[in-house]
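A.B. asks: sequence and predicted structure below; questions after.
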Amino acid sequence: MNCHVCNKDKPESQMDLDFESRTYGICKTCVKSIHAKRTNAVAGPRHTETYRTCYICEQRKPIEVVDGKTGPNSGFTYRASKGNWYSACKACNRHVLSAKSRAKKKAKK
């Protein structure tokens with residue numbers, strides 16, 4: 001499997017698992033380094049007009065808006081209704097935050 005943070009192929013045993021034994025798409029080494037960075041993090045993510053920094057994986061990714069919508073090369077999702085960007089990149093939204101919301105829904109049942 002390919003870790004979306006370090007972009008290295010790793011065996012499934014090296015990938016971090018959610019509560020249903022599905023992989024997040026991030027290897028255990030990267031998860032540990034992300035948590036270590038977040039505990040010592042500077043206040044707030046750093047952004048420019050063309051790049052944003054994901055608050056989860058702390059990678060700088062490009063942003064692009066085409067006709068009020070997120071462009072195809074953008075690493076972040078644009079909220080046209082509010083006129084701002086999500087704080088987490090597309091990959092972290094897909095792999096990390098969706099697993100957390102599934103866990104919350106399952107815990108409520």
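C.D. replies: That came through, no problem. Model, not experiment: these values are computed from the prediction. Numbers count the residues shown, from 1 in each chain.
A.B. asks: which residues in this structure form strands?
C.D. replies: Shown for the chain, the strands assigned by DSSP state E span residues 15-17, 23-27, 51-53, 60-62, 65-66, 69-70, 78-79, 84-85.
A.B. asks: which stretch in these has the least confidence?
C.D. replies: Ranked by mean pLDDT, those bottom out at strand 69-70, with a mean of 70.
A.B. asks: any stretches of this protein with poor pLDDT?
C.D. replies: Along the chain, segments meeting pLDDT under 70 span 17-24, 35-45, 70, 72.
A.B. asks: from Ile63, how far off is the spatially most central residue of it?
C.D. replies: In the chain, the C-alpha nearest the mean C-alpha coordinate belongs to Cys92, at 1.8 Å (C-alpha atoms, centre = their mean). Separation of Cys92 from Ile63 (C-beta to C-beta, to the nearest Å) stands at 15 Å. In short, each C-beta sits where N, CA and C put it, glycine included.
A.B. asks: all the helices of this structure, residue numbers only.
C.D. replies: 28-39, 90-92, 98-108 (DSSP state H).
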